[in-house]
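Asks: compute the structure for the input listed below.
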Amino acid sequence: MSAPAGGRPRVGFLGTGWIGRHRMQAMLATGAIEAAALCDPDPACLAEARALAPGAAVLPSLEAMLDDALDFGLDGIVIATPSALHAGQSVAALSRGLAVFCQKPLGRNAAEVRGVIAAARRADRLLGVDLSYRHTAAVEAIAGPIRSGELGTIFAADLTFHNAYGPGRPWFFDRAQSGGGCVIDLGVHLVDLALWLLGWPEVTRVEARLFAGGRPLGAGDQAVEDYALARLDLATGASVRLACSWHLHAGRDAVIEAQFHGTQGSAGFRNLAGSFYDFEAFRHRGTASALLASPPDEWGGRAAAAWARQLAHSPRFVASAAELETLSAALDRIYAAARSAA
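Replies: Numbers count the residues shown, from 1 in each chain. Model (predicted):
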């Protein structure tokens, strides 16, 4: 299935809460796609989505959207629903020949993610996940020095994401629905940035500790973690340290930062004044420091916009989607390492 000759791909939006609407707005702003169908159980969310796309049809379910995909000429679907639904909904859409852009996590574990990637390969359809921090100006500014060798050999990295508030939906705290706590919610971005910036090296060893309400989590504990520490040793010899949390007494709304240390210098980024959105990037050499990027930077919808442009260019599978399994497998190993350490 593809867009008509000379036409724009037509996309269905499943889930039109704040994130779903924001990503839809970013996609529509590119001019690369058009919104053809909307689905959400909340009438208020649908009303706000219809204000952005008044010509889109409103459908009662994913099944209705897929059954009517040919009638509406759908080429892709954007999924912004609870985590437990992501993998199944992605596979269902891909199996009907639709490209998919999904909120993170794509699956609750590597097995689910592997199934989605396999479905995308079979259908030869584009698969994207909203790993949005890759697209900040701050991360783009440090990618060059890290990858070019300007910093020498990268031997260590430290990454942090503390959210002083945590999620507001009850399903986040149900392991069966969420797949985990702050690691799969926030740590996914940290692991993704570390492995993506370093060229996806093999993870050779993982150590981790998880806590809930200040209590270390044991092997059979079903509570989801609200604080996590992990160390990933890489085949390159580098070591990556991660920390993430919900509801931490951080003294500010959020702490989001990363630093990559090389033999010839360091580079990183940090949020400003506790902001979830404003970042600056820097490079250090000895005691000297240079600013590489600073706010303002409207980055939140860039991953969605990039997927929309790629869909307009070609709806076919892109091999880099296989990296999503590597990312999910690293998260699985963090959870496994924490259970074995308990």
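Asks: quick one: the residue nearest the centre of the chain from Tyr227, how far?
Replies: By Cα atoms, centre = their mean, the mean C-alpha position of the chain lies nearest to Leu131, the distance being 2.9 Å. To Tyr227, Leu131 is 22 Å away according to Cβ to Cβ, to the nearest Å. All C-beta atoms are positioned from the backbone trio N, CA, C, and that covers glycine.
Asks: again with Phe101
Replies: With distances taken as Cβ to Cβ, Phe101 is found 31 Å from Tyr227.
Asks: higher neighbour count, those two?
Replies: Taking other Cβ atoms under 10 Å, Phe101 and Tyr227 do not tie; Phe101 has more neighbours (26 against 23).
Asks: need the pLDDT of that one.
Replies: Model confidence at Phe101, expressed as pLDDT, equals 98.
Asks: repeat that for the one 3 residues further on.
Replies: Taken from the predicted model, the pLDDT recorded for Lys104 is 97.
Asks: where's Ile77, which helix or strand?
Replies: Here Ile77, judged by DSSP states H and E, is contained in strand 74-79.
Asks: low-confidence bits of this structure, can you list those?
Replies: Low-confidence segments of the chain, defined by pLDDT under 70: 1-6.
Asks: domain-wise, how is it divided?
Replies: 10-129+301-318, 133-297 (automatic domain parsing).
Asks: which residue, other than its chain neighbours, is closest to Ile256?
Replies: Asn271 (4.3 Å; Cβ to Cβ, 6 or more residues apart in numbering).
Asks: hang on, that neighbour packs against Ala281?
Replies: No. Contact status for Asn271 versus Ala281: not in contact, 11.2 Å apart, counting by Cβ atoms under 8 Å.
Asks: what is the neighbour count of Ser294?
Replies: Here the neighbour count serves as a burial measure; for Ser294 (other Cβ under 10 Å) it reads 15.
Asks: same question for Ser289.
Replies: 11.
Asks: try Gly251
Replies: Counted with other Cβ under 10 Å, Gly251 comes out at 9.
Asks: now it: which helix or strand?
Replies: Element membership for Gly251, per DSSP H and E: none, as it lies in no helix or strand.
Asks: could you measure from it over to Ala164?
Replies: Relative to Ala164, Gly251 is positioned 8 Å away (Cβ to Cβ).
Asks: show me which helix runs longest in this protein.
Replies: Scanning the chain for the helix with the most residues, using DSSP state H, yields helix 323-341.
Asks: same for that helix, what does it pack against?
Replies: Using 3 or more Cβ pairs under 8 Å, 6 or more residues apart in numbering; DSSP states H and E as the contact criterion, the elements in contact with helix 323-341 are helix 110-123, helix 188-197, strand 203-212, strand 227-234.
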